[in-house]
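S.K.: I need the structure of the sequence given here:
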Amino acid sequence: MPSIFSRIVAGELPAYKVAEDEHHLAFLDITPLVEGHTLVIPKKEVDYIFDLPPAELAALHQFAQRVAKGVKAAVTCKRIGVAVIGLEVPHAHIHLIPMNHVSDMNFANPKIKVAEQRMNQLAAAIGAQVPAGSDQPVAAGRAAEDTKGGRETTEANNVTASSGAADATLQQLQELTSGLHYLSESDAPLQAVSYSAPGTGLTDATIAELAGMPAGTAVEKQELTYFLRNHTADNGVLGDPALANRFKALQMYLKQELNGVQVYRLGTGPQVPVLVLGEGEGGKLAGFKTVLTET
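M.R.: Presented below is the predicted three-dimensional model:
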């Protein structure tokens with residue numbers, strides 16, 4: 001009988017997906033120790049993690065490392081704890097647990113209950129921060145109601161980010177956003193993105209899908225200058241003129257090189273995924289994504 005995780009991989013059961021590639025999947029634990037508790041699995045069903053061939057074990061941990069970076073960026077914590085128990089489900093998996101104290105890693109602690117809306121927000125926020133791998137783009141933030149019936153990641157369902165080598169605009173945006181963080185009540189890195197133009201047009205449902213949110217998620221539009229106003233002020237939000245100039249350069253590039261640049265805020269707090277997109281050559285969409293923290 002397939003494990004419950006294999007049924008999630010097959011699309012027979014829903015999950016709050018965070019990231020995915022050809023061989024691995026990450027999704028939120030539905031009985032977490034803390035908010036953001038994430039499970040990372042190989043898609044191939046193997047009961048005992050150390051029965052994986054060395055190369056596959058290494059690949060699983062490399063994937064988990066990328067996911068952990070996303071969790072750390074999206075959830076307020078000191079570190080991401082790592083645990084392999086191996087007794088709960090007969091399918092190899094790694095626990096990634098946001099932690100501020102050693103006791104946060106105690107599996108004897110009572111599990112918490114997180115509302116569905118909050119789980120969707122967490123999945124999207126984490127997925128938005130997971131860096132793409134060198135060989136596979138990440139299919140991030142697929143919420144529970146968006147994974148039923150064995151839906152696979154396709155160009156229609158999850159527009160794939162273009163590779164930097166083939167996209168000069170993306171390369172330039174990567175340089176402009178490198179090391180920049182958007183400061184709200186917490187800070188989150190800016191990550192350059194480039195997408196193929198969706199055939200359905202840039203509707204709210206399409207924006208939500210690009211951000212890994214359910215189709216019915218509320219989308220609020222903002223003007224780019226307003227969105228970056230605190231960061232492009234003379235001394236910037238941190239009192240650093242050099243940093244403010246970098247944000248000004250990013251804003252200028254977006255306005256000069258892309259058409260119809262718009263800021264899209266998805267859902268409500270405390271963590272709000274944000275996409276900033278404009279149309280470039282060939283109809284491609286490009287810009288950056290980040291996460292706001294609003295409590």
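
S.K.: and the gap between residue 12 and residue 29?
M.R.: Using Cβ to Cβ, to the nearest Å, we find residue 12 at a distance of 18 Å from residue 29. Any C-beta I mention is one placed from the backbone N, CA and C, and that applies to glycine too.

S.K.: which one of these two has more residues nearby?
M.R.: Taking other Cβ atoms under 10 Å, residue 12 and residue 29 do not tie; residue 29 has more neighbours (21 against 14).

S.K.: Let me know whether the more buried one touches residue 93 as I believe.
M.R.: No - the pair formed by residue 29 and residue 93 falls short of the contact definition of Cβ atoms under 8 Å, at 9.4 Å.

S.K.: so what sits against both of those two?
M.R.: Taking Cβ atoms under 8 Å, 6 or more residues apart in numbering as the criterion, residue 29 and residue 93 both touch residue 39.

S.K.: So for residue 288, what's the nearest residue that isn't a sequence neighbour?
M.R.: Of all residues not flanking residue 288 in the chain, residue 190 sits nearest, at 4.7 Å (Cβ to Cβ, 6 or more residues apart in numbering).

S.K.: For the one you found, grab phi and psi.
M.R.: Note on residue 190: backbone dihedrals following degrees, to the nearest 10 are phi -90, psi 130.

S.K.: Can you tell me the number of residues neighbouring it?
M.R.: Residues within reach of residue 190, counting by other Cβ under 10 Å, total 23.

S.K.: OK, contacts around it?
M.R.: Contact analysis of residue 190 by Cβ under 8 Å, 6+ apart lists 177, 180-182, 250, 288-290.

S.K.: try it again with 10 Å
M.R.: By Cβ atoms under 10 Å, 6 or more residues apart in numbering, the contact set of residue 190 is 173-174, 176-182, 231, 247, 250, 274, 276, 287-290.

S.K.: go on, residue 217?
M.R.: Taking Cβ under 10 Å, 6+ apart, we find residue 217 in contact with 117, 120-121, 124, 143, 204-205, 207-209, 211, 266-268, 273.

S.K.: Buried ones from these, can you make that a ChimeraX selection?
M.R.: Selecting the buried subset of those in ChimeraX, with 16 or more other Cβ atoms under 10 Å as the burial test, is done by:
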select :120,121,124,143,204,205,207,208,209,211,266,267,273
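
S.K.: Just give me the closest of the contacts of residue 217 to residue 68.
M.R.: Ranked by distance to residue 68 (Cβ to Cβ), the contacts of residue 217 are led by residue 124 at 17.2 Å.

S.K.: ranges for the strands of this protein?
M.R.: Per DSSP state E, the chain carries strands over the ranges 17-20, 24-28, 38-42, 79-83, 94-99, 181-183, 187-189, 191-195, 219-222, 259-266, 271-279, 285-293.

S.K.: Tally up the residues packed near residue 76, please.
M.R.: Counted with other Cβ under 10 Å, the neighbours of residue 76 add up to 14.

S.K.: Now it. Nearest residue, chain neighbours left out?
M.R.: What sits nearest to residue 76 in space, not counting adjacent residues and going by Cβ to Cβ, 6+ apart, is residue 186, at 5.9 Å.

S.K.: contacting residues around the one you found?
M.R.: For residue 186, the contacting residues are 73-76, 270-271, 291-295, by Cβ under 10 Å, 6+ apart.

S.K.: Now, of these, which are buried?
M.R.: For those, buried by 16+ other Cβ under 10 Å: 73-75, 270-271, 291-293.

S.K.: Switch those residues over to CSV; also include pLDDT.
M.R.: Putting these into CSV (pLDDT from 0 to 100) gives the following:
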residue, pLDDT
73, 90
74, 89
75, 90
270, 81
271, 84
291, 89
292, 88
293, 83
